[in-house]
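In: Next come a sequence and a model predicted from it.
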Amino acid sequence: MKKTAFILAFLLIVMPTLASAHTQLESSTPESGQVVKEELSELVLNFGGEIESLSTLTLVKDGKEVPLKSVEPNGTQLIGTIESPLDNGTYTIQWKIVGEDGHVITGDIPFSVQMEQAVEELETEEPSTEEPTKTEDTNPEGEDEVKREDTADQNLSNNQKSGPSFISIVIPAIVILLLGIGMFMLFGRKK
């Protein structure tokens, strides 16, 4: 009976610690490295588990925060509503969530905006009667997107900056060590 109770207590203490997983980012709109060519009204981050109400995100362009109308955690989603249309350029969504297990997890999602409206407006404002001169295109359109995708792939591992905390490693290790010593003492005497 003592053996069964001891093994049951051991499993009840150790298994939840081993099974606790951190909430991870599963997908986002826009995605990491995406080139947005249409107007964006909200930023949506989807996580693998429930997130707490303290979770937040900020939108940054050129080191400056872009104001958002609202940021709302909703179940497994974190939704940021954009206040005004985004200008062309490179942006980063900096998110920080608190998972169900209480761990704080942060990450970055880089993306860029390339709206064609600005180009059309310039062309209509300044009609040109001269023939356009040919210039060499040193950076074909496809090359720029490929470089951004490669950079995004390289940064994917850096986007989620979470890891096990010191306490979450040390406490289970001590518990396992103490249980091992207890089992040795309990079963070692009878031999």
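Out: Now that the structure is in, tell me what you want to look at.
In: Pull the contacting residues for the closest residue to Glu39 other than its chain neighbours.
Out: Spatial nearest neighbour of Glu39, chain neighbours left out: Pro85 (5.7 Å); criterion: C-beta to C-beta, 6 or more residues apart in numbering. All C-beta spots, glycine's among them, are computed from the backbone N, C-alpha and C. By C-beta atoms under 8 Å, 6 or more residues apart in numbering, the residues touching Pro85 are 39-40, 115.
In: and Ile93, bridged to which residues?
Out: Leu59, Ile109 (DSSP bridges).
In: Report how many residues lie close to it.
Out: By the criterion of other C-beta atoms under 10 Å, Ile93 has 22 neighbours.
In: got the residue ranges for the helices in the protein?
Out: With helices called from DSSP state H, the chain shows them at 2-19, 117-125, 141-159, 166-188.
In: Mean confidence (pLDDT) on the third one, please.
Out: In this case it means helix 141-159. Average pLDDT, helix 141-159: 43.
In: and the end-to-end length of stretch 60-79?
Out: Terminal residues of stretch 60-79 lie 16 Å apart, using C-alpha to C-alpha, to the nearest Å.
In: Use 865 as the first number for this chain going forward.
Out: Happy to do that; since the first residue is 865 now, the last one works out to stretch 924-943.
In: hmm, who's touching that stretch?
Out: So stretch 924-943 is contacted by 906-923, 944-947, 950-951, 953-959, 961 (C-beta under 8 Å, 6+ apart).
In: which secondary element of the chain has the worst mean pLDDT?
Out: One helix or strand of the chain scores below all others by mean pLDDT, DSSP states H and E: helix 1005-1023, with a mean of 43.
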